[in-house]
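Peer 1: below is the structure, and that's it, no one-letter string:
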């Protein structure tokens, strides 16, 4: 039986692409989001994905597609777990490539219908692209695969009208989110948020959770984790990052980092 493993690295020739390769059986991701467009290929087994209020099984040979900012989980959908490869594409890179194939003056929206795509030809393209970004391949080959894969992905499975957020009147939820993003280095209290919105604790949590899918405290921890990743990319050690991000201690950060990105901060730092 294959052991669990995970590895993450950034493409040396394309700074806007982060790559992940893993096999998990008992490990499960907590609710989280990615700032990037997350595209994966399931090579063996099956992944179970909670996304947009639905539970989805993504079996071998299929593609998983998660739009930027969408909250989701990931865990085993079969006894053998799931073996997969992921791309995390910076949205600026995606837009830049798609704009080359759009009508003049029209800016494409990098959103996908997802989260399950069955497209054997695209699956093969993505697998080749992932391998090429991890090996010694001619730049022409890598760039060609990248352009072909993303263009085909959005041409066949994109939705120009898809919005990643509900557009109802959620000014209070947005105000809470903005406050948490502006004060992420601190341990914001529920009382502070209640004063900000003039809502009761129950109303506040319900309002925020309805719009974002997680409670305010969960969002704050996730935001801290995303900031921690940026600081690690700058070369800071894990202990310093934990302190800078306002975690209780390094182990507190490490647990949440692993649950979010599938790898420990120490191993992530070594991959930079």
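Peer 2: Alright, I've got the coordinates. Everything numeric here is computed off the predicted structure, so don't read it as measured data.
Peer 1: so where's the protein uncertain?
Peer 2: 1, 100-110, 135-138, 160-169 (pLDDT under 70).
Peer 1: what about 50?
Peer 2: The model of the chain has pLDDT under 50 over residues 162-169.
Peer 1: all helices for it, in order.
Peer 2: Remark: helices assigned in the chain by DSSP state H are 91-99, 120-132, 139-157, 171-182, 190-197, 201-212, 216-233, 238-244, 250-261, 265-271.
Peer 1: how about these in a markdown table, adding distance to residue 75?
Peer 2: (Each C-beta comes from the backbone N, C-alpha and C, glycine too.) Shown next, in a markdown table, are those (distance: least, C-beta to C-beta, whole Å):
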| stretch | distance to residue 75 |
| --- | --- |
| helix 91-99 | 26 |
| helix 120-132 | 22 |
| helix 139-157 | 24 |
| helix 171-182 | 26 |
| helix 190-197 | 29 |
| helix 201-212 | 20 |
| helix 216-233 | 17 |
| helix 238-244 | 25 |
| helix 250-261 | 11 |
| helix 265-271 | 20 |
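Peer 1: so which of these comes closest to residue 10?
Peer 2: Ranking these by proximity to residue 10 (C-beta to C-beta) places helix 265-271 first, at 7.5 Å.
Peer 1: next, count neighbours for the spatially closest residue to residue 199 that is not a sequence neighbour.
Peer 2: Spatial nearest neighbour of residue 199, chain neighbours left out: residue 172 (6.4 Å); criterion: C-beta to C-beta, 6 or more residues apart in numbering. If you count neighbours by other C-beta atoms under 10 Å, residue 172 ends up with 18.
Peer 1: what's the answer for residue 114, then?
Peer 2: Neighbour count of residue 114, defined by other C-beta under 10 Å: 24.
Peer 1: same question for residue 177.
Peer 2: 18.
Peer 1: cool, residue 57 as well?
Peer 2: Number of residues near residue 57 (other C-beta under 10 Å) recorded here: 12.
Peer 1: hang on, isn't it packed against residue 77?
Peer 2: Yes. Counting by C-beta atoms under 8 Å, residue 57 does reach residue 77; the two are 4.6 Å apart.
Peer 1: shared neighbours of the two, which are they?
Peer 2: 46-49 (C-beta atoms under 8 Å, 6 or more residues apart in numbering).
Peer 1: now stretch 47-54, how far from the centre of its chain.
Peer 2: 14 Å (C-alpha atoms, centre = their mean, to the nearest Å).
Peer 1: let me redo that: stretch 126-140
Peer 2: Counting by C-alpha atoms, centre = their mean, stretch 126-140 comes out at 21 Å from the chain centroid.
Peer 1: picking up where we left off before, of the helices of the chain, which is nearest residue 67?
Peer 2: Judged by C-beta to C-beta, the one of those that comes nearest to residue 67 is helix 91-99, at 9.6 Å.
Peer 1: how about that closest one: buried residues?
Peer 2: 91, 93-95, 97-98 (16 or more other C-beta atoms under 10 Å).
Peer 1: next, format the residues you listed as TSV and append distance to residue 229.
Peer 2: Formatted as TSV, the buried residues of helix 91-99 follow (distance: C-beta to C-beta, whole Å):
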residue	distance to residue 229
91	16
93	18
94	19
95	22
97	24
98	26
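Peer 1: closest to residue 146 among the residues you listed?
Peer 2: Nearest to residue 146 among these: residue 97, at 7.1 Å, using C-beta to C-beta.
Peer 1: surely that closest one meets residue 146?
Peer 2: Yes. The criterion here is C-beta under 8 Å, and residue 97 meets it with residue 146 at 7.1 Å.
Peer 1: so who does residue 118 touch?
Peer 2: 61-63.
Peer 1: need phi/psi at it.
Peer 2: With angles defined as degrees, to the nearest 10, residue 118 sits at phi -110, psi 110.
Peer 1: please parse the protein into its domains.
Peer 2: For the chain, automatic domain parsing gives the domain ranges 5-157, 171-271.
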